[in-house]
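Asker: what's the 3D shape of this:
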Amino acid sequence: MEYPQIIQGGMGIAVSDWNLAKHVSQLGQLGVVSATALDNVIVRRLQMGDPRGDVRRALRHFPFPDVAERILERYYIEGGKDPDKTFAAVPMYTLEPRVELVELTVVANFVEIFLAGEGHNGLVGVNLLTKIQMPNMASIFGTMLAGVDYVIMGAGIPREIPGVIDALSRGEAAELKISVEGEGEDVLMQFDPKSYGMGVDSLKRPNFLAIISSVTLGQALLKRATGEINGFVVELPVAGGHNAPPRGKMQIDENGEPIYGPRDEIDLAKIAALGKPFWVAGSFAYPHRLREVLEVGGQGIQVGTAFAYCDESGLDPEFRADALRQVRAGTLGVFTDPVASPTGFPFKVVQSPDSLAEQNVYDERPRVCNLGYLRSVYKREDGKLGYRCASEPVRSYVKKGGECANTEGRKCLCNALMANIGLPQRRPSGYVEKPLFTAGDDLPAVVRFLGDEKNNYTAAEVIQYLLESSGIEFSIPTWSVEAVEEEVEVSYEGAKVLV
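Answerer: Sure thing, here's the model as predicted:
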């Protein structure tokens, strides 16, 4: 099997959206969409009026039309909502989620993968977070309905996900253990597509790549996973977003950042000895680093930051342009915040004005947990299970048995990451959610794509730089478009489709 040399990282909430993934896939590499919070993303796109009609076009291809129609009736607003009104609320996940929420999750993931793969035969992948447990089975099923080629998962130990993929590919019900904080035992959550009227006999099984930060974790997953692991993405602590904590007791340096040492270094030769294809992520978006991985037996690299700030990404265009101006001026920094994320994992934060990275902006935000993706399950005093997040109001978190110290410095990533893509919630009080941007430590190095005069760059330029400078043949495919009544006939490398 031929593997791509470049995996475009699955970033944020819809920073790695279908548009970016599609561009990368058309260029012969693995375009990846982020599955995080896609239920809210599709709702807000529909509430904004779906101006280009992309969501509605994808919904027409959903294999269960009655489900798609219910979502359109519930959320679509012709011409878009009043800018001063709030977006419709989406129910938060529980161990027994509401039927309409499961339907929305499946449909949203289908839509994103369908649009990423529409009109070409390139590879398309999806990135999920192990920490966001409860929506994951429905999310994976939605991507499989759309024919996803790769499922990539990190931010935890995705031991049971291969088994979930196997079951869904056979048209069977899947199950997943959900972690319970404290002294509670893990509980089993089940997902049967047939019970939601979306049963299928079989689906293509996508390749599964686990994101790991050590050889030991790779060995453990190969031994204990519930199904086949087809490869690894080896992520170093300089990568953007969530990072694995330092091995051993976490220590903080004089700047307030976690200290990573020799135990956190990864021997790529030992990774190669695991016998699975692998890609390396974290400041590896350079031709010499790509050659280094290829020479040791790897397949290539995963690239996040360089794609996050290119023209095709879902990042808010105004911030992207401002960030690149600051990169050119050398004034934009990245901080590894040990406490920002409710997950407890270190999280890379771009130190941008008017974002939650600024203490005064953070202090002004009324604490609330109304999206709930990073909520944890815990056992209440009465023996029942409840849900809490270290970013929710402190009094509420402590009342639920959480320790007050766990709330200090915690930021609401769910709402902030929605703001990052220009879809912030406006509360009834008038408060508009603020962003919190992330990037890898090598964000300043994206200046290499700008040259002396340019203020922006494309995904194609990133790929061309990495491959051609590594001695790998690369050419940009040529598209031709011919109008055919109300449809468009698209030719791509000899294949024609109507869209």
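Asker: can you map out the strands along the stretch 51-200 of the chain?
Answerer: 124-129, 150-154, 174-178, 180-181, 187-191 (DSSP state E, counting those that start in this stretch).
Asker: The longest one pairs with which strands, parallel or anti?
Answerer: Right, the one you point to is strand 124-129. Strand 124-129 pairs in its sheet with strand 31-34 (parallel), strand 150-154 (parallel), by DSSP bridges.
Asker: Give me the contacts around stretch 66-85.
Answerer: With contact meaning CB atoms under 8 Å, 6 or more residues apart in numbering, stretch 66-85 is reached by 42-43, 46-51, 56, 59-60, 62, 87-88, 100, 103-104, 106-107, 196-198, 426. Placement of C-beta: from N, CA and C, glycine included.
Asker: how long is it from one end to the other?
Answerer: Stretch 66-85 has an end-to-end distance of 28 Å (CA to CA, to the nearest Å).
Asker: Report the buried residues of that stretch.
Answerer: Buried residues in stretch 66-85, defined by neighbour count with 16 or more other CB atoms under 10 Å: 67-68, 70-71, 75-76, 81.
Asker: biggest separation within those, which pair?
Answerer: 67 and 81 (22.9 Å; CB to CB).
Asker: From the buried residues of stretch 66-85, pick the one nearest residue 225.
Answerer: residue 67 (31.3 Å).
Asker: how far away is the closest one from residue 142?
Answerer: 11 Å (CB to CB, to the nearest Å).
Asker: Common neighbours of the two, please.
Answerer: 106-107.
Asker: coming back round to it: nearest approach to residue 403 belongs to which of the strands paired with strand 124-129?
Answerer: Proximity to residue 403 (CB to CB) singles out strand 150-154 among those, at 26.3 Å.
Asker: Give me the contacts around the closest one.
Answerer: Under CB under 8 Å, 6+ apart, the answer for strand 150-154 is 7, 10, 30, 32, 123-130, 140, 143, 161, 165, 206-212, 233, 235, 242.
Asker: can we see that at 6 Å?
Answerer: 125-128, 130, 161, 206-209, 211 (CB atoms under 6 Å, 6 or more residues apart in numbering).
Asker: Could you do stretch 33-40 as well?
Answerer: So stretch 33-40 is contacted by 10-11, 13, 16, 18, 21, 90, 104-105, 108-109, 112, 116, 126-128, 139, 373 (CB under 6 Å, 6+ apart).
Asker: Also stretch 347-367?
Answerer: With CB under 6 Å, 6+ apart, stretch 347-367 has contacts from 240, 242, 333-337, 340-341, 393, 411, 416, 434-439.
Asker: In strands only, show me the residues you listed.
Answerer: 334-337 (DSSP state E).
Asker: Need the max-distance pair from these.
Answerer: 334 and 337 (9.9 Å).
Asker: Now do the end-to-end distance for stretch 322-341.
Answerer: Note: stretch 322-341 ends 25 Å apart using CA to CA.
Asker: er, stretch 259-270 I mean
Answerer: Start-to-end, stretch 259-270 (CA to CA) is 23 Å.
Asker: Return the set of buried residues in it.
Answerer: 260, 264, 266, 268.
Asker: So what's the residue count around residue 351?
Answerer: 15 (other CB atoms under 10 Å).
Asker: ok, and the closest non-adjacent residue to it?
Answerer: residue 333 (4.7 Å; CB to CB, 6 or more residues apart in numbering).
Asker: Please determine how far the one you found is located from residue 131.
Answerer: Applying CB to CB to residue 333 and residue 131 gives a distance of 26 Å.
Asker: And the closest residue to residue 192 other than its chain neighbours, how far from residue 137?
Answerer: Closest residue in space to residue 192, ignoring its immediate chain neighbours: residue 173 at 3.6 Å, by CB to CB, 6+ apart. According to CB to CB, residue 173 and residue 137 sit 9 Å apart.
Asker: And for residue 354?
Answerer: Taken as CB to CB, the span from residue 354 to residue 137 is 37 Å.
Asker: The two: which is more packed in?
Answerer: residue 137 (27 against 12).
Asker: Who are the contact partners of that one?
Answerer: Residue 137 neighbours (CB under 6 Å, 6+ apart): 164, 174, 176, 191.
Asker: which residues are contacting the host helix or strand of residue 301?
Answerer: Using DSSP states H and E, residue 301 maps to strand 300-303. By CB under 6 Å, 6+ apart, the surrounding residues in contact with strand 300-303 are 5-7, 9, 233, 279-281, 284-285, 290, 293.
Asker: Give me the distance between the spatially closest residue to residue 188 that is not a sequence neighbour and residue 95.
Answerer: Using CB to CB, 6+ apart and skipping the chain neighbours, the partner closest in space to residue 188 is residue 175 (5.5 Å). Residue 175 is 12 Å from residue 95, where distance means CB to CB.
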